[in-house]
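Undergrad: Return a 3D structure for these sequence lines:
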Amino acid sequence: MGKGVGSDMKKTLITLFLSLFLVLAIGLVSGAVSKNTADKLCRQAECVQECARAGDFAGALRHCSLAEEIWQKREGLLQMWTVHEDTDAVGLLIAKTRAAVEQKSSLHTLLLCEEMRMSMEHLYHRDAPGWENIF
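TA: Next up, the predicted model:
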């Protein structure tokens, strides 16, 4: 009887540690994907801003298209672990930015790009693996 209890406890500890490792690994991978996506989209938003400041709306439209491509590839994946309102906000801001660029509105483009960058950074920071999100 003594061997069975020790063996069960050992199996429980192994299961606990494997589960903890798996949860941490998934958290780190999902955090890396979120950060990578946010960084890529922030770079595109900065490029759109630079083009809008220079009056190059064709260039701004090209960067909007790149941002949309990046977003379409990652949105479904990010929605698996990110708050849906946050991902919806990013998608909507990308669409609004494209509309502002198509209307050749520098002011709106610049404001929406800034809002888009903040929204994308928020996407990562809210779910980033860190003590503030664990506790």
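Undergrad: Which residues does whichever strand or helix holds residue 124 contact?
TA: Take DSSP states H and E as the rule and residue 124 turns out to sit in helix 106-127. With CB atoms under 8 Å, 6 or more residues apart in numbering as the test, helix 106-127 has contacts from 30-31, 34-35, 37-38, 41-42, 45-46, 48-49, 52-53, 55, 60, 67, 78, 81-83, 86-87, 89-90, 93-94, 96-97, 100-101, 133. Yep, even glycine has a C-beta here, placed from its N, CA and C like the rest.
Undergrad: Confidence-wise, which helix or strand of the protein is lowest on average?
TA: Within the chain, confidence by mean pLDDT, DSSP states H and E is lowest for helix 131-134 among all helices and strands, at a mean of 54.
Undergrad: Roughly how far does the residue nearest the centre of the chain sit from residue 71?
TA: Nearest to the geometric centre of the chain sits residue 34, at 3.7 Å (CA atoms, centre = their mean). For residue 34, the distance to residue 71 equals 13 Å [CB to CB, to the nearest Å].
Undergrad: now residue 120
TA: Separation of residue 120 from residue 71 (CB to CB): 9 Å.
Undergrad: tell me the angle of the helix or strand harbouring residue 77 relative to helix 106-127?
TA: Here residue 77 sits within helix 57-78, counting by DSSP H and E. On the basis of axes from the mean of the first three to the mean of the last three CA atoms, to 10 degrees, helix 57-78 is oriented at 20 degrees to helix 106-127.
Undergrad: C-alpha coordinates for helix 57-78, PDB please?
TA: The C-alpha trace of helix 57-78 is given here as PDB (Å, rounded to 0.1, in the frame of the first residue of the first chain):
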ATOM      1  CA  PHE A  57      -0.800  58.700 -50.600                       C
ATOM      2  CA  ALA A  58       0.100  55.900 -53.100                       C
ATOM      3  CA  GLY A  59       2.900  54.800 -50.700                       C
ATOM      4  CA  ALA A  60       0.600  55.200 -47.700                       C
ATOM      5  CA  LEU A  61      -2.000  53.000 -49.500                       C
ATOM      6  CA  ARG A  62       0.700  50.400 -50.200                       C
ATOM      7  CA  HIS A  63       1.600  50.200 -46.500                       C
ATOM      8  CA  CYS A  64      -2.000  50.000 -45.500                       C
ATOM      9  CA  SER A  65      -2.300  47.000 -47.800                       C
ATOM     10  CA  LEU A  66       0.700  45.400 -46.200                       C
ATOM     11  CA  ALA A  67      -0.800  46.000 -42.800                       C
ATOM     12  CA  GLU A  68      -4.000  44.400 -43.900                       C
ATOM     13  CA  GLU A  69      -2.100  41.400 -45.200                       C
ATOM     14  CA  ILE A  70      -0.300  40.900 -41.900                       C
ATOM     15  CA  TRP A  71      -3.500  41.400 -40.000                       C
ATOM     16  CA  GLN A  72      -5.500  38.900 -42.100                       C
ATOM     17  CA  LYS A  73      -2.800  36.200 -41.600                       C
ATOM     18  CA  ARG A  74      -2.600  36.700 -37.800                       C
ATOM     19  CA  GLU A  75      -6.100  37.800 -36.700                       C
ATOM     20  CA  GLY A  76      -7.600  34.400 -36.300                       C
ATOM     21  CA  LEU A  77      -4.600  33.100 -34.400                       C
ATOM     22  CA  LEU A  78      -4.500  36.100 -32.100                       C
END
